[in-house]
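J.: got a structure for you, letters missing:
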């Protein structure tokens with residue numbers, strides 16, 4: 001798979017035009033095949049991962065991949081120097097030394113049709129999944145076939161996301177019946193007010209802040225905070241499947257691996 005083929009694929013999947021202005025999706029590191037051909041590169045082996053850390057770099061080296069595709073950008077915000085004593089600098093240096101390029105699909109994959117939020121809804125068994133409005137590209141809503149209690153909903157999320165529901169933060173009466181829901185993968189606390197105004201029973205996201213939880217409780221909106229990691233860990237498998245299913249030229253079809261590195265910083 002050549003660089004231009006990858007860029008065509010990913011632009012059709014989750015265009016960089018969808019990312020937020022503060023985001024840094026796209027090439028994090030691009031290493032050409034040869035110094036005299038700086039724009040070209042063929043990628044034969046790809047690793048998908050939520051983000052870069054030391055274990056992911058070692059895994060990539062063991063698998064002999066030449067491209068890592070992540071959700072969270074390796075370079076986020078201003079990178080004023082590449083210093084090995086700093087975490088981001090160390091990762092950049094180790095990746096370059098290993099000949100591994102990095103491409104990130106962050107908020108553009110969250111917002112895209114068929115991206116993280118649609119996939120989460122499918123995993124959780126919601127029906128009639130749809131966007132709530134054109135003004136918010138992230139929020140999706142749907143309904144379960146029958147109502148279940150908030151406590152049962154938390155157990156369902158734990159089962160489908162392979163997470164411990166006892167670690168979730170739950171707002172609301174656990175015996176209350178919930179059927180309709182909206183959700184946002186990752187950090188979606190800022191959208192609680194949107195969820196309140198579309199008359200759903202439940203909001204699912206991660207990184208819910210204290211005052212937003214109090215607001216939801218006061219308005220009667222049930223909330224399950226399944227964690228930033230818990231709601232976005234689906235990226236690695238989802239992106240790998242998108243790459244595998246794409247109609248590549250057979251001679252250029254890359255081999256794809258899903259990272260097995262545990263990423264949740266709260267479970268270490």
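T.: Structure's in. What do you need? All values derive from a computational prediction rather than experimental measurement. Numbering: from 1, shown residues only.
J.: Every contact and neighbour count from this point should use C-alpha atoms.
T.: Fine.
J.: Neighbours of residue 258, how many?
T.: Residue 258 has 19 neighbours, counted by other CA atoms under 10 Å.
J.: Please determine how far it is located from residue 210.
T.: In this view, residue 258 and residue 210 are 35 Å apart by CA to CA, to the nearest Å.
J.: for residue 185, same thing?
T.: Taking CA to CA, one finds residue 185 at 18 Å from residue 210.
J.: When these two are compared, which one has more neighbours?
T.: Remark: of residue 185 and residue 210, residue 185 carries more neighbours, 29 against 9, as counted by other CA under 10 Å.
J.: This structure: strands as residue ranges?
T.: For the chain, applying DSSP state E gives strands covering 26-29, 45-49, 67-70, 101-104, 127-133, 136-149, 169-171, 177-187, 202-206, 222-225, 255-258.
J.: got these as TSV, with mean pLDDT and distance to residue 92 columns?
T.: Listed next are the strands of the chain as TSV, based on pLDDT from 0 to 100; distance: least, CA to CA, whole Å:
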stretch	mean pLDDT	distance to residue 92
strand 26-29	97	8
strand 45-49	98	16
strand 67-70	98	12
strand 101-104	98	9
strand 127-133	95	37
strand 136-149	97	30
strand 169-171	98	35
strand 177-187	98	24
strand 202-206	98	28
strand 222-225	98	32
strand 255-258	98	21
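J.: Now render these as a markdown table, adding distance to residue 216.
T.: Converted to a markdown table, the strands of the chain look like this (distance: least, CA to CA, whole Å):
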| stretch | distance to residue 216 |
| --- | --- |
| strand 26-29 | 35 |
| strand 45-49 | 33 |
| strand 67-70 | 32 |
| strand 101-104 | 33 |
| strand 127-133 | 18 |
| strand 136-149 | 16 |
| strand 169-171 | 7 |
| strand 177-187 | 13 |
| strand 202-206 | 9 |
| strand 222-225 | 7 |
| strand 255-258 | 36 |
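J.: For residue 57, which of those strands is the nearest?
T.: Nearest to residue 57, of all the strands of the chain, is strand 67-70, at 8.8 Å by CA to CA.
J.: Distance from the chain centre to the closest one, please.
T.: Computed by CA atoms, centre = their mean, to the nearest Å, the chain-centroid distance of strand 67-70 equals 13 Å.
J.: Stretch 208-222 too?
T.: Chain-centre distance of stretch 208-222: 24 Å, with CA atoms, centre = their mean.
J.: Kindly report the same for stretch 128-145.
T.: Here stretch 128-145 is found 17 Å from its chain centre; the criterion is CA atoms, centre = their mean.
J.: got the contact list for that stretch?
T.: The list of residues contacting stretch 128-145 from outside it, by CA atoms under 8 Å, 6 or more residues apart in numbering, reads 110-112, 117-118, 121-122, 125-127, 179-184, 191, 198.
J.: ok, now with 6 Å
T.: Outside stretch 128-145, the residues that touch it by CA atoms under 6 Å, 6 or more residues apart in numbering are 111, 126-127, 179-184.
J.: now swap in stretch 147-157 and tell me
T.: 165, 174-179.
J.: With distance to residue 159 and neighbour count as new columns, can those be given to me in a markdown table?
T.: Shown next, in a markdown table, are these (distance: CA to CA, whole Å; neighbours: other CA atoms under 10 Å):
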| residue | distance to residue 159 | neighbour count |
| --- | --- | --- |
| 165 | 8 | 21 |
| 174 | 17 | 15 |
| 175 | 19 | 11 |
| 176 | 20 | 14 |
| 177 | 19 | 18 |
| 178 | 17 | 22 |
| 179 | 18 | 18 |
